[in-house]
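Chemist: next input, structure requested:
(chains A and B)
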Number of protein chains: 2
Amino acid sequence: MSAHPRLSINQATIKHASLREAIDATVRQGVQSIGLWREPVAELGLAESARVLGDSGLRFSSHCRGGFVTMAEGAERRAAIDDNRRAIEEAATLAAAGADGSSASLIIVAGGIPDGSRDLAGSRGRLEEAIAELAPEAEAAGVTLVLEPLHPMYASDRAVLSTLKQALDLADRVGSPAVGVVIDAFHVWWDPDAEEQIARAGRDGRIASYQVCDWATPLPADVLLSRHLPGAGVIDFAELTRWVGEAGYTGDVEVEVFNAELWAKDFDEAVADTVEAFGAHVGGHLAVPVRS
Amino acid sequence: MSAHPRLSINQATIKHASLREAIDATVRQGVQSIGLWREPVAELGLAESARVLGDSGLRFSSHCRGGFVTMAEGAERRAAIDDNRRAIEEAATLAAAGADGSSASLIIVAGGIPDGSRDLAGSRGRLEEAIAELAPEAEAAGVTLVLEPLHPMYASDRAVLSTLKQALDLADRVGSPAVGVVIDAFHVWWDPDAEEQIARAGRDGRIASYQVCDWATPLPADVLLSRHLPGAGVIDFAELTRWVGEAGYTGDVEVEVFNAELWAKDFDEAVADTVEAFGAHVGGHLAVPVRS
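Modeler: Modelled structure (predicted):
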C-alpha cells in the first residue's frame, strides 16, 4: 500500500529509533512527513537534526513536546518555562528545515497536579499563566503553541487540560493567534462535545494538528501504553475525520501510537504497519488529499 | 470516631459481605444508612432482604444497579429492559423497608459500545430510548432512575455516559421527574464543567445521590479497582462537597470504593476505616448535618 500523502509518522510510534533511523524508515516507506520528539533531536544536536531533516525532503509536522508548567512560581517553574523557550526555537528551526508545508507546531502537554497538592484549579491557572507568558515569544518565532487536551485518565499526573472546550476557552482568554490545539483521537473520541468543539476550533482558526490512534480495552497495566493503530479499537475514524475536515483542517495527520508491541518491531515494519492502518481506516475519509 | 450522620456505606465497599453481614457491620460501626447491590439482595431474596433491612433501622440510600441498555433492539435488549423493571421494583420495596429518609434511587450504569461496534452515538441513543421507556414505570413506582456518568476511561466498555452535562441533557430530553443523576467524585472530579453542571443539577432538582471515593495514580492493572477512600488521592473534597451542598443536596453521602486492599479486610474494619476517612475528609464540609 502506498502511503497516504497527508500521513505523518510521529516519532513516538517508533520510539526506540534515533532521529536518523526514524527519518530513514519514514522516507523508505514512502511517507512524506514526520513529527519529532525533543530527546532524539537533542541527542543528535539541533543543527545536525535540521540538516538531516532538510536532506530527507520530509515535511515536519510537529515538535513534541513542551508544557509541564503547572508548578508554583519558583526556580523549578522558571527552568520549565525556559525549557519551553528552547523548544519554541527548536520548532522554528526544524519547521524551516522541513519541506514546503511543514508546520511550526510545538505540542504542549500541560502537566499534572504537583505532588502533594489537590489544587486542580490552581494547576490549571498556572498552565494558563505560562501559556500567556510564552505566547508572545512563540508568535515572534512564528511557532504555534499547540495545546493538547489529554484523556481525563491522565488529569492528575500528566495533563490538567482534559477537553477541547477547556483548551479553546484557555486560548480565547490568552487571546494570541500563536495558541492552537491538537485534536488527538485517542484523547477526545469519548467527548460528547467533540463535534461542536472541533467545529469551534475550526472557526477560531486553532486546529494546528490532527493525531490519530485507537482506543481499545482492557487497558494495559501502564495506561500510557494503551494506544493502538487505527482500526484496532472502537474509534469511528470516518466520523471524527469528517468533523476535522469540515472544520477546515487540511494539514498533515499524525499517527502517534505508544504501544509496546509496535515498539518491539523493526522500524520499517512498524512504519509499514502504520501506513497500512492509516490507509485502511483514516486516509479514505480525508476529503482534501494534500496540503494546498 | 463516631460515624457522620449522613454517611452511607455502599455495599460494594465491602463487596464480599453477604447482605446480613453488610448490614450488621454497618449498624455495629454506628453508620445510619446503606446502599445495596442487586446480587446480595437476590441471594437472600427480596422479601427477606427488605425484612432484614427494616429490622436494622438503617436508611436505604440507593440500589445498584440498573442500566446496561446500549444494545440494538432484540431479545437481549428486551431482557435487559425487563431486568431494569425488576430492579425498579426492588428499589421501591427496599426504600419502603428502610428507615425514614430512605431514597428510592436506582443507579443506572449505561453500558458500553456493543462488541464489534464503533457506534458511540448510536449506543448513546439507545441508552436514551431505554430511559424514556422505563421512566414512566419508575415514576409510577416512586423510584428515581439515577444516571451515573462514569469516568471517560470506561466509555467504551462500561458507560457511554461520561459527563454530568451529558446526563442532564439526556434527562432534559426525556423530560421525566423520575430521572436524576448521581455525582460520583471519582467520575467527575476532573471535569472542567463540574461546578457549573452540579449547580444546574441542583436547579433542575436532579441530584439523587452524592458518592465519594478518591482518585490516585498510578492506576492499578484493573482500572475498575482504582478507587480509594477519601483522603488517599488528589480529589479536593472540600470544594466538591461545597458545590454539592450549594446545589441544595441534603441527602445521604455514599462511600463506594472498589479497592482490593479494602475488600481483603474484615468487614467491620473496612467500615471503621470508611467512617474515619469520611469524617476526616468529607463530613466536615457537609453544611447540613442530617437529612431534613
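Chemist: show me which residues of chain A sit near chain B.
Modeler: Neighbours of chain B within chain A, by CB under 8 Å from any CB of the partner chain: A:113, A:117-121, A:124, A:151-153, A:155-157, A:162-163, A:165-166, A:169, A:189-193, A:215-219, A:221-223, A:233-236, A:239. C-beta: built from backbone N, CA, C; applies to glycine.
Chemist: I'd like to know which of the residues you listed are buried.
Modeler: A:113, A:118-120, A:124, A:151-153, A:155-157, A:162-163, A:165-166, A:189-193, A:215, A:217, A:219, A:223, A:233-236, A:239 (16 or more other CB atoms under 10 Å in any protein chain shown).
Chemist: residue farthest from the centroid of chain A?
Modeler: In terms of distance from the mean C-alpha position of chain A, A:Gly116 ranks first, at 28.6 Å (CA atoms, centre = their mean).
Chemist: pretty sure it belongs to a strand, no?
Modeler: No. Using DSSP: H, G, I helix; E, B strand; the rest coil, the assignment for A:Gly116 is coil, not a strand.
Chemist: so what's A:Ala221 up against?
Modeler: Residues in contact with A:Ala221 (CB atoms under 8 Å, 6 or more residues apart in numbering or on different chains) are B:Ala221.
Chemist: and it, helix, strand or coil?
Modeler: Taking three-state DSSP, the label given to A:Ala221 is coil.
Chemist: measure the closest residue to chain B within the stretch 1-150 of chain A to B:Asp119 for me?
Modeler: Across the stretch 1-150 of chain A, the shortest distance to chain B (CB to the nearest CB) belongs to A:Arg118, at 4.4 Å. Counting by CB to CB, to the nearest Å, the gap from A:Arg118 to B:Asp119 is 38 Å.
Chemist: what of A:Arg206?
Modeler: Applying CB to CB, the value for A:Arg206 to B:Asp119 is 29 Å.
Chemist: before we move on, what about A:Glu90?
Modeler: Using CB to CB, we find A:Glu90 at a distance of 42 Å from B:Asp119.
Chemist: swap in A:Thr26?
Modeler: 34 Å.
Chemist: check what pLDDT the residue farthest from the centre of chain A gets.
Modeler: Note on A:Gly116: pLDDT of 94.
Chemist: show me the contacts for the residue of the stretch 1-150 of chain A closest to chain B.
Modeler: A:Arg118 touches B:Val234, B:Ile235, B:Asp236, counting by CB under 8 Å, 6+ apart.
Chemist: for A:Ala287, same thing?
Modeler: A:Arg242, A:Gly245.
Chemist: doesn't it fall inside a helix?
Modeler: No. Assessed with three-state DSSP, A:Ala287 is coil; it does not lie in a helix.
Chemist: separation between it and chain B?
Modeler: Distance of A:Ala287 to chain B, computed by CB to the nearest CB, to the nearest Å: 20 Å.
Chemist: where do the strands sit along the stretch 1-150 of chain A?
Modeler: A:7-10, A:33-37, A:59-67, A:105-109, A:144-147 (DSSP state E, counting those that start in this stretch).
Chemist: mean pLDDT and mean neighbour count added to the ones you listed, as CSV?
Modeler: Shown next, in CSV, are the strands of the stretch 1-150 of chain A (pLDDT from 0 to 100; neighbours: other CB atoms under 10 Å in any protein chain shown):
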stretch, mean pLDDT, mean neighbour count
strand A:7-10, 98, 30
strand A:33-37, 98, 26
strand A:59-67, 98, 27
strand A:105-109, 98, 27
strand A:144-147, 98, 29
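Chemist: give me the element A:Ser208 is part of.
Modeler: Just to correct that, residue A:208 is Ala rather than Ser. Under the criterion of DSSP states H and E, A:Ala208 resides in strand A:207-212.
Chemist: and that strand, what does it pack against?
Modeler: strand A:59-67, strand A:105-109, strand A:144-147, strand A:179-184, helix A:185-188, helix A:237-246, strand A:253-255 (3 or more CB pairs under 8 Å, 6 or more residues apart in numbering or on different chains; DSSP states H and E).
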